[in-house]
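Participant: Okay, structure incoming, though there's no sequence with it:
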């Protein structure tokens, strides 16, 4: 197929198809997260980000390029959630800036748009890491630039770019050791490719559902398992992957013959040939046939065979449990309090916004002087628009934002950039205890710069920890973890694993405390209780009788306890 230019109507269809693909596969992408914790996930955040834009894009009738680009960029910027969502919004922002002034897009324009998307996203991240969504996006732009001088066919260019990006995504575990240990590729990179592959299907004219539902972020277990491959109707049951280390010629003729053979025994075929090796992916009912044929070309390595029917059944059960937990949390938020306070405010010098989850923790922030508490955090990262709306509600010259979660900091920074009226300061608190410490160290009599310095310095005085459960089997830092295990996590890693919540919390605190520790605070959540918190406190006193211990009701879901050591 040859396509040399595309207009706004085609780009609209491609974008909606990419958003639909992301929505359909978000739980698969969630499962790629390195740490097996039951909180906000990459797939969820990227889906909610792109669906925020998709609703605006779908509403356009007979779109032109400027209106389409404004809907994509503005919708994704406002709806961005989590670090992955913010990076995705920046990729879309850069891409649309390049094409907004064009009537049609050709290979040259598309290549420039890819490059600008990557430049914009890299600028948004202070310390970019290799082996992430940024790497996958960058190599795609580089491949497009390389090919743009050899073809004017958009289909040829995009196909080659996607294959190259997929190949690099498979190499991300070699770039980030934590990915290799957990046995996963980068989840953000997988999300980006999912969107682009969905868009490519639409470009090819494949039958794609462009409908954007009102509850686009919700997903059925069947769709989570991969659309037509889901459920008991899975035609080919084994996902088979391997690399052939070539020992004989494998030119275009041999490649076509091998692809034809794979098509006779399965589907979802990927066959990417290089000088010395061939990467194979196929869904089949008899992996042995694919392996036997491949052995005629050379030796095999990186062999992986997964039973998709078994994985689907496990996913359906897990998704049902997760959905029930999400519905419980949504109901709690709706019945206990509105998401934001809306009472009119008197003008003041400094105002404060804090992200929090759990009525106890939210009340602590209010008592410390926070004006608006945005419900969110662990189980649902607030969007850029949520934070921007809170900024606009506060009647103050300076507005401090406490994200209280490392995955919300970028969204807070993005909201800061979007507000042009107030002086917004993001205090990059990575967890609830840091946010509380920052507020404690704010002093009304100090000047702005002195307060910023004091609050920033407070972040480094607090060690924080969390006690929760594992949602899947994995390995992290050489530690084998089974689904259902209780985990004690510090700021840096998983410090303790056990079967008992109290014992695991005590082990975690033992790792966190040292001879300089003065204060330990225990915040018990929905699934924790004050009596067990007192048992943990007693164990801390036995470790060090000089340490002061405080117990506070947090009310947070998912996490039995938040703990801090100062």
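Facilitator: All right, it came through fine. Small disclaimer: the values here were computed from a predicted structure and weren't measured. Residues are numbered from 1 along each chain as shown.
Participant: mind listing the helices for the stretch 301-450 of the chain?
Facilitator: Under the criterion DSSP state H, counting those that start in this stretch, helices of the stretch 301-450 of the chain are mapped to 308-336, 359-367, 384-393, 409-418, 432-440, 448-459.
Participant: weakest of those helices by average pLDDT?
Facilitator: When these are compared on mean pLDDT, helix 308-336 scores lowest, with a mean of 55.
Participant: show me where the stretch 451-566 of the chain has strands.
Facilitator: Ranges of strands within the stretch 451-566 of the chain are 463-469, 474-476, 479-481, 486-490, 494-498, 519-524, 548-553, 561-565, based on DSSP state E, counting those that start in this stretch.
Participant: Out of the ones you listed, which gets the lowest mean score?
Facilitator: Across these, the lowest-scoring stretch is strand 474-476, with a mean of 76.
Participant: buried residues in it?
Facilitator: The neighbour-count check on strand 474-476 (16 or more other CB atoms under 10 Å) flags 474, 476 as buried. For every residue, glycine as well, the C-beta is placed using N, CA and C.
Participant: what packs against it?
Facilitator: Packing partners of strand 474-476 (3 or more CB pairs under 8 Å, 6 or more residues apart in numbering; DSSP states H and E): helix 177-182.
Participant: how far does the helix it packs on sit from the chain's center?
Facilitator: Mean-position distance between helix 177-182 and its chain equals 17 Å (CA atoms, centre = their mean, to the nearest Å).
Participant: cool, and stretch 508-521?
Facilitator: Here stretch 508-521 is found 31 Å from its chain centre; the criterion is CA atoms, centre = their mean.
Participant: Endpoints of that stretch, how far apart?
Facilitator: 13 Å (CA to CA, to the nearest Å).
Participant: buried stuff in it?
Facilitator: Buried residues in stretch 508-521, defined by neighbour count with 16+ other CB under 10 Å: 508-509, 512-513, 517, 520-521.
Participant: ok, and what's touching that stretch?
Facilitator: Defining contact as CB atoms under 8 Å, 6 or more residues apart in numbering, one finds that stretch 508-521 is touched by 433, 463, 465, 467, 488-490, 495-496, 536-537, 539-540, 543-544, 547-552, 563-566.
Participant: neighbours around residue 292, how many?
Facilitator: 10 (other CB atoms under 10 Å).
Participant: Would you check how far apart it and residue 420 are?
Facilitator: Distance, residue 292 to residue 420, using CB to CB, to the nearest Å: 65 Å.
Participant: got it, and residue 295?
Facilitator: Distance of residue 295 to residue 420, computed by CB to CB: 64 Å.
Participant: Looking at these two, which is more packed in?
Facilitator: Higher neighbour count among residue 295 and residue 420: residue 295, with 12 against 6, using other CB under 10 Å.
Participant: Quickly note the distance from the more buried one to residue 93.
Facilitator: Distance, residue 295 to residue 93, using CB to CB: 48 Å.
Participant: hang on, the earlier thing: could you say which one of the strands of the stretch 451-566 of the chain comes nearest to residue 364?
Facilitator: Closest to residue 364 of those is strand 548-553 (CB to CB; 6.7 Å).
Participant: Other residues contacting that closest one?
Facilitator: Residues outside strand 548-553 that contact it (CB under 8 Å, 6+ apart): 360, 364, 518-524, 530, 533-534, 537, 540-541.
Participant: same question, stretch 289-301
Facilitator: Stretch 289-301 is contacted by residues 240, 242-248, 250, 254, 258, 261-262, 265-266, 278, 280, 282, 284, 303 when judged by CB under 8 Å, 6+ apart.
Participant: Tell me which of these fall in helices.
Facilitator: In this view, those that belong to helices under DSSP state H are 254, 258, 261-262, 265.
Participant: Out of the residues you listed, who's the most crowded?
Facilitator: Ranked by the number of neighbours (other CB under 10 Å), those place residue 262 first, at 24 neighbours.
Participant: so how far is residue 300 from it?
Facilitator: 14 Å.
Participant: ok, back up a step: so which of the strands of the stretch 451-566 of the chain comes closest to residue 196?
Facilitator: For those, the distance to residue 196 is smallest for strand 474-476, at 27.3 Å, taking CB to CB.
Participant: Return the distance of that closest one from the chain's centre.
Facilitator: The chain centre lies 19 Å from the centre of strand 474-476; the measure is CA atoms, centre = their mean.
Participant: do the same with stretch 106-115
Facilitator: Remark: stretch 106-115 is offset 26 Å from the chain centroid, using CA atoms, centre = their mean.
Participant: which residues does residue 305 bridge with?
Facilitator: Residue 305 has the following beta-bridge partners by DSSP bridges: residue 240.
Participant: who's in contact with it?
Facilitator: By CB under 8 Å, 6+ apart, the contact list for residue 305 reads 238-241, 287.
Participant: could you redo the last one with a cut-off of 7 Å?
Facilitator: Residues in contact with residue 305 (CB atoms under 7 Å, 6 or more residues apart in numbering) are 238, 240, 287.
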